[in-house]
Structure formats: structure tokens, C-alpha cells
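1. Quick one, what's the 3D model for this:
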Amino acid sequence: MSLEPKVYIVGAGPGDPELITVKGSRILRTADVVLYTDSLVNDELIATAKPEAQVLQSSGMDLERQVEIMSEAVLAGRSVARVHTGDPAVYGAILEQMVLLKQRGVAYEIVPGVSSVFASAAVLGAELTVPDLTQTVILTRAEGRTPVPDREKLRDLASHHCTVALFLSATLAKKVVVEFLAAGWSEDTPVAVVQRATWPDQKIVRTTLAQLPTDLRAAGITMHAMILAGWALDPGLVDKDAHRSKLYDKSFTHGYRKGVKPGE
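-> Got it, this is the predicted structure:
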């Protein structure tokens, strides 16, 4: 099946080549041009591009050059797979690409992928929204060279005491600890770090908030890491059977099942 002449912004998933979507894989295998984030996307995936496809690495290009290549291809009637790691909607820097593509009259479509936050939860065997413990997940980053809006400061977000997923923050662990403690988190709050989730060299560190900087340093983790913090990351939860949902509670009535009261 041929593709329309437009830019397909494809999420490649976290690393495991089998974690790209069926649609994303079809586009990658069919596109005339493949422009991919070579520092993060698995080469095994890119190797599935058709032999005659033009395959280009984006790491050495600035935004304007990338858009120029994609635009010229589409305006010449060719299809482009712009392949990003994880899900392109989170820290994918795709808005700036869409703005320039739209200015040039180039059509585009986003194909979602599996984010590293959910791949990390999977390899940890964790549910991020645990009944009666937390029903909220905040996806954010610590402020480093990239500024964060004043209303999104880490201390303020941490004040919700929910599960917090930190992208791009491995080198800022000390700052994370200071802000979380200031927000009232206890030093023994569970924290899990997954570096290169689902890759063959994946690394997992389970620690506490207080020990996070020390354990990250000991593990040599400075990049490509997802930090998950909060009591939902307590590895002992699976041994306690203390947090059940209403969804499968036999006494709870919903649209697909009538609940049964005790004794009935």
C-alpha cells in the first residue's frame, strides 16, 4: 500500500523494535524518505525501510534543514517518515516542525508511539495509578538549561504527592531531591530509575528519594533515563493486596455488571 505524499511523524517507541505500532511500522517500511533521530531510535527499526528509500539522520541537522528536506520531498510527490523516539507528543519538539511545514503548505500526520514513561513502568512491573494511593501522574522535567514556566516549578508539582515522572532530569537529581523534600515528601519515598528502557543494555535502579543522587552516580546514569517517584513505585505493593479498584469489585455496579451485596 503506497502512502500519501506527506510527512508522517512517527513514534518509534522506547527502544525494543517490537514496541512500534503496527501503523508506524507500515509507514516506516513504505515511506520514500526516512528522517530519524539517530541518537535514540533503534537501528533495527530503520533497517526495515524499503531498499530504495532515502534514509537520513537528523542529529546533525538544524530545524530548518530538516524541514527543507521533508518539504522538498513531499512537494515532489514523495512520502516522508519523520521518526522520533518514544511518543512524539512528549518532548518530541514536533510543534516547531509542524509550524514550518504548515507555512510551506506541507501536509503532516502524527502516529503515536509508546513513551518511555510507560515502557519504564512496564519493566518495573508497576501501576502508576494505584487505588486509594494516587490517581494522578505528572509528566515533567527538572529545570536545567531548558527553562520551565514559573507555574510549573517542581516544588509546586510535587506538592500534589502523586506519581511524578521526570524526563531529561538524571543530571539534576540533587535539585529534584531538594524540591521534593521542600514539598513535604519523605526521604524514604520510593524512586525507580530506568535507563534505556527495553533496550538490551537497559539499567534499573530502585532507590529512595534521599538516596537518588548517590545511587544514580554509583550506577553511572547521566542520560537516557526515566525517573519515576512516588509510593506507587513501592515494589512491596504487589505483596500486600491492599489496593483494589472498584472496577472489578463484585459489590460494585457499573454499566456492564450488576454488583452483588455481601450475603447475596
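2. What does the pLDDT read for the spatially closest residue to residue 253 that is not a sequence neighbour?
-> Taking Cβ to Cβ, 6 or more residues apart in numbering as the measure, residue 253 lies nearest to residue 259, with 3.8 Å between them; neighbours along the chain are not counted. Placement of C-beta: from N, CA and C, glycine included. Listed pLDDT for residue 259 reads 88.
3. I'd like to know how many residues surround residue 259.
-> Here the number of neighbours of residue 259 (other Cβ atoms under 10 Å) works out to 12.
4. is it true that it lies in a helix?
-> No. Assessed by DSSP: H, G, I helix; E, B strand; the rest coil, residue 259 does not belong to a helix; its assignment is coil.
5. That one and residue 251, how far apart?
-> Between residue 259 and residue 251 the computed distance is 5 Å (Cβ to Cβ, to the nearest Å).
6. shared neighbours, those two?
-> Common contact partners of residue 259 and residue 251 (Cβ atoms under 8 Å, 6 or more residues apart in numbering): none.
7. Run through the helices of this protein in chain order.
-> 22-30, 43-46, 63-75, 95-103, 116-124, 154-158, 173-182, 212-219 (DSSP state H).
8. can I get those helices in JSON lines with mean pLDDT and mean neighbour count?
-> What follows is the helices of the chain, written out as JSON lines (pLDDT from 0 to 100; neighbours: other Cβ atoms under 10 Å):
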{"stretch": "helix 22-30", "mean pLDDT": "98", "mean neighbour count": "17"}
{"stretch": "helix 43-46", "mean pLDDT": "96", "mean neighbour count": "16"}
{"stretch": "helix 63-75", "mean pLDDT": "98", "mean neighbour count": "17"}
{"stretch": "helix 95-103", "mean pLDDT": "98", "mean neighbour count": "14"}
{"stretch": "helix 116-124", "mean pLDDT": "98", "mean neighbour count": "21"}
{"stretch": "helix 154-158", "mean pLDDT": "96", "mean neighbour count": "18"}
{"stretch": "helix 173-182", "mean pLDDT": "97", "mean neighbour count": "19"}
{"stretch": "helix 212-219", "mean pLDDT": "97", "mean neighbour count": "17"}
